[in-house]
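>>> I would like the atomic coordinates for the input below:
(one chain, ligands or ions: 2)
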Amino acid sequence: MIFRETPLERKVKKVDFECYATYFHAMRVFILSDVHVDFEENRKWVQQLSDWDFKNDILILAGDITHDFDLLRIWLLKIRRKFAELFFVPGNHDLWIRGEDWANSLEKFKAIMEFCRSNEIEVQAKVFTLGKERIRIVPVFSWYNLQEEKDTLYLPKIGEDATNRMWSDNYYVHWPEENRFDPSAYFLEYSNHWQPAESNEKIITFSHFLPRHEVMFSGEMSYDPERMRKHDRFPQFNFSRVAGSLKIDRFIRKLGATIHIYGHQHINRDKTVDGVRYLSHCLGYPEERRRGMVKGIENGPKVIMGD
Ligand SMILES: [Fe+2]
Ligand SMILES: [Fe+2]
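Residues are numbered from 1 along each chain as shown. Ligands and ions are numbered 1, 2, ... in the order given. Below you'll find the model as predicted:
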């Protein structure tokens with residue numbers, strides 16, 4: 001008697017084979033940030049990431065999922081299921097209070113941490129072996145320092161509005177004891193109990209906010225107020241007021257990081273400064289992609305190790 005495979009059996013076999021092939025490739029490390037799933041286009045982009053290709057891989061997700069706590073949880077879980085390991089730090093948008101009943105943004109941060117810990121989303125350092133290498137991935141919680149604060153990334157800009165009225169954090173982020181709370185110090189302290197790495201480890205750190213001035217600019221270009229004025233669609237908005245903190249860089253260098261991932265700016269970079277490779281791979285807003293401001297995101301998350 002001859003048994004013939006039905007089309008359904010053939011399909012099952014093909015899917016089985018694809019799954020095995022996925023499981024047997026070596027572990028890789030991918031990066032991504034600023035998926036902003038409030039936008040339908042962004043939800044589609046995330047949804048269509050393969051459910052199989054990354055099953056043996058790590059994703060470092062550097063913040064700004066959405067301000068909506070329900071959506072945040074739903075999409076973190078969807079992304080979690082696509083990868084073997086998911087690392088996450090919240091961004092400023094994730095801590096916005098907009099139509100939700102939180103005492104303040106710190107309370108919301110703690111709820112996000114609790115949700116991550118309960119759902120195997122990594123918010124603390126963890127060591128992996130990739131081939132012959134031992135790597136330690138370290139989440140760095142952070143906030144930006146304003147112009148008048150120590151460790152600010154602020155750089156003056158021609159025509160800027162000193163109040164930064166366009167910046168939505170001014171309306172949607174609320175700290176306990178508004179004027180006395182120092183978020184950049186608080187969050188770094190939250191990260192600070194991570195142990196420095198052992199000598200044979202490669203350290204990958206990641207934060208939502210920028211760690212130093214150089215990564216705000218492309219290529220070899222450095223700070224040039226006149227050039228910025230000519231190429232700027234929003235001359236009154238000065239991103240450097242809310243970009244990040246030099247504290248982050250001091251911290252990651254003390255740990256011995258050789259790679260640092262960040263998000264927030266929605267301009268993707270891969271830049272080495274003083275021995276540390278800094279990368280950002282943001283999805284950003286649909287409008288920014290249409291304008292060609294966010295580059296290299298067409299093929300999904302960016303692989304940084306194990307390719
Ligand atoms: Fe963002
Ligand atoms: Fe951000």
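
>>> C-terminal to the host helix or strand of Arg250, what's the next element?
Here Arg250 sits within helix 246-255, counting by DSSP states H and E. Downstream of helix 246-255, the next assigned helix or strand under DSSP H and E is strand 257-262.

>>> what angle separates the helix holding Arg250 from strand 257-262?
150 degrees (axes from the mean of the first three to the mean of the last three C-alpha atoms, to 10 degrees).

>>> Report the mean per-residue pLDDT for stretch 40-58.
Stretch 40-58 shows an average pLDDT of 97 in the prediction.

>>> Alpha carbons of it, in CSV - could you do that?
Provided in CSV are the C-alpha atoms of stretch 40-58 (Å, rounded to 0.1, in the frame of the first residue of the first chain):
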residue,chain,number,x,y,z
GLU,A,40,-1.3,51.5,14.1
GLU,A,41,1.6,51.4,11.5
ASN,A,42,4.0,50.6,14.3
ARG,A,43,1.8,47.9,15.8
LYS,A,44,1.7,46.3,12.3
TRP,A,45,5.5,46.5,12.1
VAL,A,46,6.0,44.8,15.4
GLN,A,47,3.2,42.2,14.7
GLN,A,48,4.8,41.1,11.5
LEU,A,49,8.1,40.3,13.1
SER,A,50,8.6,36.5,12.7
ASP,A,51,7.3,34.3,15.4
TRP,A,52,10.0,31.7,14.7
ASP,A,53,13.2,33.5,13.4
PHE,A,54,14.1,34.9,16.9
LYS,A,55,13.1,31.9,19.1
ASN,A,56,16.7,31.3,20.1
ASP,A,57,17.7,35.0,20.3
ILE,A,58,18.0,37.9,22.8
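
>>> can you pull the buried residues of it?
Going by neighbour count (16 or more other C-beta atoms under 10 Å), the buried part of stretch 40-58 is 42-43, 45-46, 49, 53-54, 56-58. In this view, the C-beta of every residue, glycine as well, is placed from N, C-alpha and C.

>>> residue contacts, His67?
Going by C-beta atoms under 8 Å, 6 or more residues apart in numbering, His67 touches 38, 93-98, 172.

>>> Among the residues you listed, which one is most surrounded by other residues?
Leu95 (26 neighbours; other C-beta atoms under 10 Å).

>>> In space, what's closest to that residue - neighbours in sequence excluded?
Of all residues not flanking Leu95 in the chain, Ser105 sits nearest, at 4.1 Å (C-beta to C-beta, 6 or more residues apart in numbering).

>>> if we can go back for a sec, could I get the buried residues of stretch 40-58 as TSV with distance to Asp34?
Compiled in TSV, the buried residues of stretch 40-58 are given as follows (distance: C-beta to C-beta, whole Å):
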residue	distance to Asp34
Asn42	9
Arg43	14
Trp45	12
Val46	12
Leu49	15
Asp53	21
Phe54	19
Asn56	25
Asp57	20
Ile58	19
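
>>> quick one: which of those sit in strands?
Among the buried residues of stretch 40-58, the members falling in strands (DSSP state E) are Ile58.

>>> Just give me the closest of the buried residues of stretch 40-58 to ligand 1.
Of all the buried residues of stretch 40-58, ligand 1 sits closest to Asn42, with 10.7 Å by C-beta to the ion.

>>> Verify the stated contact: that closest one with Val35.
Yes - if you go by C-beta atoms under 8 Å, Asn42 and Val35 touch, sitting 5.7 Å apart.

>>> Quick check: the gap between the closest residue to ligand 2 within the stretch 201-307 of the chain and Val127.
Minimum separation of the stretch 201-307 of the chain from ligand 2 (C-beta to the ion) falls at His264, amounting to 3.8 Å. His264 sits 27 Å away from Val127, going by C-beta to C-beta, to the nearest Å.
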